[in-house]
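Peer 1: just coords:
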């Protein structure tokens, strides 16, 4: 068998990387336009390593590492990823690739390695276990058949919007919200709520400029980005991500301000995005939530989502302290 060679991935490799990631796990197809956009616009202060693995001159995998600015990551974690084409899957190769990318991440002075793989990727799970990674959390994934549930969802969205209006809360799209400070207000809502998502490792605060760029990404049109307004204050938001080239439509983020939770606002706002997807002819949408996020899991069940394989978060301690 030919030796595997690793080479740095350049911006021009973004489409190849998206193809390799899709070939590694077709159920979570990666869009080439969005992959290139992420590579072109890295998060402020973050460091990245991206590589293409080749065997016999043929690309077979995409590997990478990423970490935030160390002064903002007290746990010192660095995410590592291996996307090996299914036709090349082999436990020993999985182990070799995670070992290789792990060494690259350790050279960045990482203290803890973070890796994800799907619940139905048996060889990936086995390889991570062999290398000493431990299961830490599970991100549950769900799918909703809009063909089967579409009419009901449209009715529920209309009723929820009327109920919110009676309570003084308007459901509008970002395109229809004319507040000149709307981007800043959404950014502040995002930052207020993101830390409430169940997590073990640090969530690095996002720079406003990065949020603004993300808001204008081609997979989230402003006329499909839903916001709940109490006066001129955004109190909830929910949007779907529509990949420009390929892939399933996924929920991007749904949140509600802490002081207004428990009033059905998140569900009402999410329903607007789902009803709109029905009208656009989208057959299926997916979402994922941490297994400890009981409120969102309950909302998903009520909306008619059914389980699909989720994603397992793994940790491996490689250095005890910053000076070790």
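Peer 2: Looks like it arrived, so ask away. Since the model is a prediction, treat every value here as computed from it, not as a measurement.

Peer 1: Name the helix or strand for the residue nearest the centre of the chain, please.
Peer 2: Centrality entry for the chain: nearest residue to the mean C-alpha point is residue 252, 7.1 Å, by C-alpha atoms, centre = their mean. In the assignment (DSSP states H and E), residue 252 maps to strand 249-256.

Peer 1: I'd say the residue nearest to the centre of the chain and residue 239 touch.
Peer 2: Yes. Contact status for residue 252 versus residue 239: in contact at 4.7 Å, counting by C-beta atoms under 8 Å. To be clear about C-beta, it is placed using only N, CA and C from the backbone, and glycine gets the same treatment.

Peer 1: tell me, what's touching those two both at once?
Peer 2: residue 220 (C-beta atoms under 8 Å, 6 or more residues apart in numbering).

Peer 1: domain ranges for this structure?
Peer 2: Listed by automatic domain parsing, the domain ranges of the chain are 4-132, 142-309.

Peer 1: what angle sits between the least confident helix or strand in the chain by mean pLDDT and strand 249-256?
Peer 2: In the chain, the helix or strand scored least confidently by mean pLDDT, DSSP states H and E is helix 294-303, which has a mean of 80. Between the axis of helix 294-303 and that of strand 249-256 there is an angle of 130 degrees, by axes from the mean of the first three to the mean of the last three C-alpha atoms, to 10 degrees.

Peer 1: Can you give me the buried ones in the helix or strand just after helix 294-303?
Peer 2: Next in sequence after helix 294-303, counting helices and strands by DSSP H and E, comes strand 306-317. Using 16 or more other C-beta atoms under 10 Å as the test for burial, strand 306-317 gives 308, 310-316.

Peer 1: right, so of the domains of the chain, which gets closest to residue 320?
Peer 2: Residue 320 lies closest to domain 4-132 among the domains of the chain, at 7.2 Å (C-beta to C-beta).

Peer 1: Endpoints of that closest one, how far apart?
Peer 2: Chord length of domain 4-132, first to last residue, is 23 Å (C-alpha to C-alpha, to the nearest Å).

Peer 1: going forward can the numbers begin at 56, since that is how I track them
Peer 2: All set: I'll call the first residue 56, so the last point we hit is now domain 59-187.

Peer 1: For that domain, the averaged confidence score.
Peer 2: Taken as a whole, domain 59-187 carries a mean pLDDT of 98.

Peer 1: Distance from that domain to the middle of the chain?
Peer 2: 15 Å (C-alpha atoms, centre = their mean, to the nearest Å).

Peer 1: again, but for stretch 354-370
Peer 2: On C-alpha atoms, centre = their mean, the centre of stretch 354-370 falls 13 Å from that of its chain.

Peer 1: got the contact list for stretch 341-355?
Peer 2: 192-199, 252-254, 303-306, 309, 316, 321-322, 325, 360, 363, 365-366.

Peer 1: same thing but at 6 Å, please
Peer 2: Under the criterion C-beta atoms under 6 Å, 6 or more residues apart in numbering, residues 193-198, 253, 303, 305-306, 322 lie in contact with stretch 341-355.

Peer 1: now stretch 261-269
Peer 2: So stretch 261-269 is contacted by 96, 98-99, 238, 242 (C-beta under 6 Å, 6+ apart).

Peer 1: Could you identify the buried members of those residues?
Peer 2: Buried among the contacts of stretch 261-269 by 16+ other C-beta under 10 Å: 98, 242.

Peer 1: Take the contacts of stretch 261-269 and lay them out in TSV including secondary structure and distance to residue 223.
Peer 2: Shown next, in TSV, are those (DSSP: H, G, I helix; E, B strand; the rest coil; distance: C-beta to C-beta, whole Å):
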residue	secondary structure	distance to residue 223
96	coil	38
98	coil	36
99	coil	37
238	helix	24
242	helix	24
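
Peer 1: Now do the strand holding residue 307: distance to the chain's middle.
Peer 2: Worked out by C-alpha atoms, centre = their mean, strand 304-311 lies 9 Å from the chain centre.

Peer 1: which helices and strands does that strand pack with?
Peer 2: Contact here means 3 or more C-beta pairs under 6 Å, 6 or more residues apart in numbering; DSSP states H and E; on that basis strand 304-311 packs against strand 288-296, helix 320-334, strand 339-345.

Peer 1: Let me have these in a markdown table, adding mean pLDDT, distance to residue 62 and mean neighbour count as columns.
Peer 2: Below are those laid out as a markdown table (pLDDT from 0 to 100; distance: least, C-beta to C-beta, whole Å; neighbours: other C-beta atoms under 10 Å):
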| stretch | mean pLDDT | distance to residue 62 | mean neighbour count |
| --- | --- | --- | --- |
| strand 288-296 | 97 | 30 | 23 |
| helix 320-334 | 96 | 40 | 23 |
| strand 339-345 | 90 | 32 | 20 |
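
Peer 1: just checking, what's the longest helix in the chain?
Peer 2: In the chain, assigned by DSSP state H, the helix with the most residues is helix 201-221.

Peer 1: average pLDDT across that one?
Peer 2: Mean predicted lDDT for helix 201-221 stands at 97.

Peer 1: same question for whatever helix or strand comes next after it, mean pLDDT?
Peer 2: The helix or strand immediately downstream of helix 201-221 is strand 224-228, counting by DSSP H and E. The average of the pLDDT scores along strand 224-228 is 97.
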